[in-house]
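Q: Just to be clear, the model below is a prediction. Sequence and coordinates:
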Amino acid sequence: MKIALVAQHTTSPAEDSRLRELSRSLASNGHRVTVYASKDGATLPAKAELEPGVQVERIGPGGKHAGDESQLLAQVPAFSQPLHDRWCQERPDVVHALRWTSGLAALAATRDLRIPVVQSFDSLGIAERRHRALPSNVGTERIRLEPAIGRTVNAVVAGSSDEESDLTRLGVPRRSIKVVPCGVDTDEFNPEGPVANRTSRPRLVTVADLHEHDALATLLQALSSVPEAELVVAGGPPRAKLRGDIAYRRLAKVAESLDVTSRVLFAGEVGRSALPPLLRSADLLVNVSEYDPLGTLSVQAMACGTPVVAAAVGGQVDAVVDGTTGILVPPGRPALLAQRIRQLLGHPMLLEAFSVAAADRARSRYGWDRIANETLAVYDNAVDKTLAA
C-alpha cells in the first residue's frame, strides 16, 4: 500500500517522535510511506529519507511558522496544490492527515481523485477551549472547521475515548471513528536501563509546562501532606535559566509558602534521552495536567515500570487502569491526591504489583507494532469503502 502522511504542521518530521514512529512502523509492514511536510526555506532538502521505506517531501511556500495555526491556515492553498499535482501523477492508496490544517489540505488535494482520507486531530479545539488550554480569542476558525473536516473525511482516528465522545457531539458519525491511541517506543521506554540519581526518600516525578500553575500548585499542596516524599518537577527552560522564568518563580513561592522547598527539585528542561532514566528513578509519576488529550507521558512512565497517579482527564482515563497500573484522581483535589499517593507509597508490595502491571500494559497495548496494525485496519476499511462507492 502507498500511504501519504500529511503533516503540514512540521518542517522536521524527524523531531516529531509520533510521526517518526508511526511512519517507521507502517514501512516495516512492507508499505511505502511518504511524509509531506512544510518547507522551512532553503535549510532542509526538498526530499529526504526519514527511515528505511519512508520518504519525506517538503512542499508549500516555506518559512518558519512555529505552530502558528493562523499562518498554517493561510498556507493551506499553497500546500494543497503541490499535493494535488503529485497525486495526479502518482496516486497514493490512502492519505492520512495529521492535525486539522493538514486535513483541509488533504481534502482539497484529493478533490475529484477518489483517494480516501483518514484524519487524526491529536487535540480538538473545543476540548482545549473547555479545559482553558486555548484562549477564548484564539482558534475560532479551527473550532468551526474541525467538525466539517471530521464529517467529510472517510475515517477519523481518535486518540482516546474522550476525543471520540467529543467528535460524536460535533456530528461526526460514530461508525467512521476508530480509537487508536498514541504509541510508545518500548525499546526506549522500558524497565531496564540507566536510572537517574536519587536520594533515599520516596520519589515523585512530574513532567509539565510550568505555566500550568494551578495544576502544579495542587501537586505542591498535596506534597505538603506527604512529608516523607520528594518531588522532581521537570519542565520549563533549562535549569540554568530557571531563575529568570516567571512561571518558575511563582511556583517556587508556592513551595516556600507550603514549607516544601527542601523537598522539591525543579529540574528544568529534560531532554529526550534523559527522560527514561528520570522516569525509572521515580516511585510514582504524578501527572496532574488538567488537559492531556493523549496521555503519552503516563504511558511512557508505565512502560518504564513506574506506576502513575493522574488527573482523570482526556487520554489519562484510557491509559491508566485505575487500581491496576495506577490511580486516577479528579483534578483540583489536593487532599485526595495526597491520600492516594500515601496509599501507594505506604504499601511497597502494591506498588510493585502496579509496576509490573504498568509495564505489561504499556508493552501490550501501546507498542508501535500494534498501533500500526490498528491504523492499517482503518486504512483498509477506508480503501474498501471508497472502492465500493
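A: Perfect, thanks for sending it. Numbering: from 1, shown residues only.
Q: Lys47: neighbour count?
A: By other Cβ atoms under 10 Å, 10 other residues sit near Lys47. In this view, the C-beta of every residue, glycine as well, is placed from N, C-alpha and C.
Q: So what's the residue count around the residue nearest to it when sequence neighbours are not counted?
A: Distance criterion Cβ to Cβ, 6 or more residues apart in numbering; nearest residue to Lys47, sequence neighbours excluded, is Glu57 at 5.5 Å. The tally of other residues near Glu57 (other Cβ under 10 Å) stands at 17.
Q: ok, and the helix or strand in this structure with the lowest average confidence?
A: Lowest mean confidence among the helices and strands of the chain (mean pLDDT, DSSP states H and E): helix 69-74, at a mean of 89.
Q: buried ones in that one?
A: The neighbour-count check on helix 69-74 (16 or more other Cβ atoms under 10 Å) flags Glu69, Leu72, Leu73 as buried.
Q: what's near enough to touch the closest residue to the last one other than its chain neighbours?
A: Setting aside the residues directly before and after it, Leu73 is nearest to Thr101 in space (Cβ to Cβ, 6+ apart), at 5.6 Å. If a contact means Cβ atoms under 8 Å, 6 or more residues apart in numbering, then Thr101 has Gln8, His9, Glu69, Leu72, Leu73, Val76 as its contacts.
Q: Report the spatially nearest residue to the second one, omitting neighbours in sequence.
A: What sits nearest to His9 in space, not counting adjacent residues and going by Cβ to Cβ, 6+ apart, is Arg99, at 5.0 Å.
Q: correct me, but that neighbour touches Asp122?
A: Yes: applying Cβ atoms under 8 Å, one finds Arg99 in contact with Asp122, separated by 5.8 Å.
Q: mind pulling up the phi and psi values for the residue nearest to Lys47?
A: Backbone dihedrals for Glu57, given as degrees, to the nearest 10, come out at phi -120, psi 130.
Q: other SSEs contacting the helix or strand that contains Gln55?
A: Taking DSSP states H and E as the criterion, Gln55 maps to strand 54-59. When contacts are defined as 3 or more Cβ pairs under 8 Å, 6 or more residues apart in numbering; DSSP states H and E, strand 54-59 packs onto helix 17-28, strand 32-38, strand 47-51, helix 76-89.
Q: Which of those has the highest mean neighbour count?
A: strand 32-38 (a mean of 24; mean count of other Cβ atoms under 10 Å).
Q: Tabulate the helices and strands packed on strand 54-59 in TSV, adding columns for mean pLDDT.
A: Formatted as TSV, these follow (pLDDT from 0 to 100):
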stretch	mean pLDDT
helix 17-28	95
strand 32-38	97
strand 47-51	93
helix 76-89	96
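Q: So which of these is nearest Tyr248?
A: Tyr248 sits nearest to helix 17-28 of all the helices and strands packed on strand 54-59, at 25.6 Å, using Cβ to Cβ.
Q: Need the residues that contact the closest one.
A: Here helix 17-28 makes contact (Cβ under 8 Å, 6+ apart) with 3, 5, 7, 10, 13-14, 33, 35, 50-54, 98, 182-183, 185, 272, 296, 368-369, 371-372, 375-376.
Q: now do stretch 241-257
A: 209-211, 213, 216-217, 220-221, 233, 236-237, 261, 264, 266, 268.
Q: what about 10 Å?
A: Contacts with stretch 241-257, where a contact means Cβ atoms under 10 Å, 6 or more residues apart in numbering, come from 208-213, 216-221, 223-224, 231, 233, 235-239, 260-264, 266-269.
Q: before we move on, what about stretch 357-365?
A: Residues external to stretch 357-365 that are found in contact with it (Cβ under 10 Å, 6+ apart): 181, 183-184, 186, 189-192, 285, 298-308, 318-321, 323-326, 370-371.
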